[in-house]
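>>> structure for this input, please:
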Amino acid sequence: MMDVNAFDFGLSDIRAFNYPPHKSFPESVVAQRRVLAKWNRLRESLHYRTQLSLEQTAALQFDRLSLLIDMAFITHPFYHELYKSVGFRPGDLVTWDDYNALPSISKSDIASSWDMFGSSRSMNRADCYSSRTSGSSGRALIVLQDSGTNDCGALFYLRHYEQMLGRKRAASEWLYEVYLAPPRFTSFEGSFPVFTISNQCPPDLAFKHIARLKPKILSAFPSYLSRMVASVDNLSSLGIEAICTNSESSIKAERDRIAEGFGAPVFDEYSSEELYLIATQCREGSYHIVEDNVRVDVLNADSEGRGEIVATSLTNTFMPFIRYRQGDVIQISGKAHPCACGNHFRRLSSFHGRADQVLFSRTRGAILPDRVMTLYTHTLFPKDGRIAEFQIVQNEPSTIDLFLVTESIDRTYNESRVEAFITGLKDILGDEQLDVRVQVVDAMPASLSHKRRLVTNRIPSS
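All right, here's what the predicted structure looks like:
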């Protein structure tokens, strides 16, 4: 089996930041060979699926859901009890109205019934891949995936990388990851290799290693990429062809700056441990729902179609997430015409982050993150603001903390930009008495998930 970590090119310092093989789900040649065989067999079909009509895709989803939900009722104690309580029996799923009438579930529902949710009458839990959600909401969750589900996830990512490149990816081309854990597959019998480092790696060291490894694809937190752009010159010399941002919230202006620094297009990704890939950004900038991985709907939509995401993983059969509410607010585009990129999967008009990224106004109630995003994009983010990083934290309705990390060591920043932000925030929240406290810090406060959050609402049960 290929040892990707051996490709350090004599940079001994990089070894302190790359990950050893995954302990809880060790790789094997058999598993790598299996996924590679699936990719070689299904590669064209996976790309073709994205060109099916909306009606064809919905029909395939419904057939899959019918089988999945019947199986869940039979083999999973959690769903058996839940669906029995509303009178559901196998075979009852005949129309989309039947599916939409099924109860939705949340992380709290799962946590309170974990012994039932984490068990199956058909499989051994020890044979499953185990991962944890970020716990950014204060409640972590263990997610279990069998090998078949894990394989599907790998295939969807292989397709996504080719969509990013806009061409067929050569088996020898590296993917370079900056993440919090080792990858599930470091290669597939030497094909499509992946080198992964921690986000604690100094950007200049990562630059030196990437220059030697010469990967074509870079996948990383937007905050890490922004640090590289700010501290390392000549990033365009690396030869990166496509960049994927994930795991953290980011704004288009930030991604545009990253793209300019690296001389490569940036594609954002919307995913979660529970549902895996939910939507991926195409070369036209649209966020396409990954319809063959997840069924996505909007719960309790407002007049503009915004509401809470409720989604079902179409691939995880050991621990199904069926009509799962993960707390994000989304809006599905009403555009019927295919995207210019050729992908016919539905598009997200917007996704607004978790409930704890929705600020609270004493006069107007919930304020969705996109309104605040527009404000800080034009006030805090421009280069003349001299602000390297910022976080907006609300601990109580009357007070908001604005944490700033400045670009200069003397902690100076463009005060007029910050004042414009404060004025705009008070206007958005309709609260002239709002106390916005500016705090200049050396580094951002650590979050539970170890991922950057631009906006966080910590008001209890707001």
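>>> make it CA atoms for all contacts and neighbour counts henceforth
Fine.
>>> and the helices in this protein, which stretches?
29-49, 54-75, 77-84, 96-101, 107-112, 114-117, 147-165, 203-213, 222-231, 252-262, 369-379, 415-429 (DSSP state H).
>>> by mean pLDDT, show me the worst of those helices.
Of all the helices of the chain, helix 369-379 carries the lowest average pLDDT, namely a mean of 76.
>>> now that one: how far from the chain's centre is it?
20 Å (C-alpha atoms, centre = their mean, to the nearest Å).
>>> now stretch 8-25
24 Å.
>>> what comes into contact with it?
5, 27, 128-130, 181-184, 195-198, 200-201, 205-206, 209, 212-213 (C-alpha atoms under 8 Å, 6 or more residues apart in numbering).
>>> burial check on residue 381, number of neighbours?
The tally of other residues near residue 381 (other C-alpha atoms under 10 Å) stands at 19.
>>> quickly list what the spatially closest residue to it that is not a sequence neighbour is bridged to.
Using C-alpha to C-alpha, 6 or more residues apart in numbering and skipping the chain neighbours, the partner closest in space to residue 381 is residue 387 (7.1 Å). Per DSSP bridges, the residues bridged to residue 387 are residue 406.
>>> state the pLDDT value of residue 387.
Listed pLDDT for residue 387 reads 88.
>>> likewise for residue 124?
68.
>>> try the one 10 residues further on
According to the prediction, residue 134 has pLDDT 50.
>>> rewinding a little: thought residue 403 was touching the residue nearest to residue 381, still the case?
No: in this structure, residue 387 is not within contact of residue 403 by C-alpha atoms under 8 Å, at 10.2 Å.
>>> quick one: residue 72 from residue 82, how far?
In this view, residue 72 and residue 82 are 10 Å apart by C-alpha to C-alpha, to the nearest Å.
>>> now do residue 408
Going from residue 408 to residue 82 by C-alpha to C-alpha gives 56 Å.
>>> neighbour count winner among those two?
residue 82 (16 against 11).
>>> could you list every residue that touches the more buried one?
Residues near residue 82 by C-alpha under 8 Å, 6+ apart: residue 103.
>>> recalculate using a threshold of 10 Å.
Contacts for residue 82 (C-alpha atoms under 10 Å, 6 or more residues apart in numbering) come out as 73, 88, 102, 103, 104, 105.
>>> which one is residue 362 nearest to, not counting chain neighbours?
Closest to residue 362 by C-alpha to C-alpha, 6+ apart is residue 397, at 6.2 Å.
>>> residues contacting that neighbour?
Residue 397 touches 359, 360, 361, 362, 363, 365, 434, 435, 457, 458, 459, 462, counting by C-alpha under 10 Å, 6+ apart.
>>> which strand residues bridge the first one?
What it means is residue 359. Following DSSP bridges, residue 359 is listed with bridge partners residue 367.
>>> so how many other residues sit close to it?
Counted with other C-alpha under 10 Å, residues neighbouring residue 359 total 26.
>>> that one contacts residue 426, correct?
No: Residue 359 is not in contact with residue 426 according to C-alpha atoms under 10 Å; the separation is 11.7 Å.
>>> follow-up on the earlier one: mutual contacts of residue 387 and residue 403, please.
residue 440.
>>> which pair of the contacts of residue 82 spans the longest distance?
Spatial extent of those (C-alpha to C-alpha) is set by the pair 88 and 105 at 15.7 Å.
>>> just to revisit the earlier point, next one: the residue nearest to residue 362 relative to residue 419, how far apart?
For residue 397 relative to residue 419 (C-alpha to C-alpha), the value is 20 Å.
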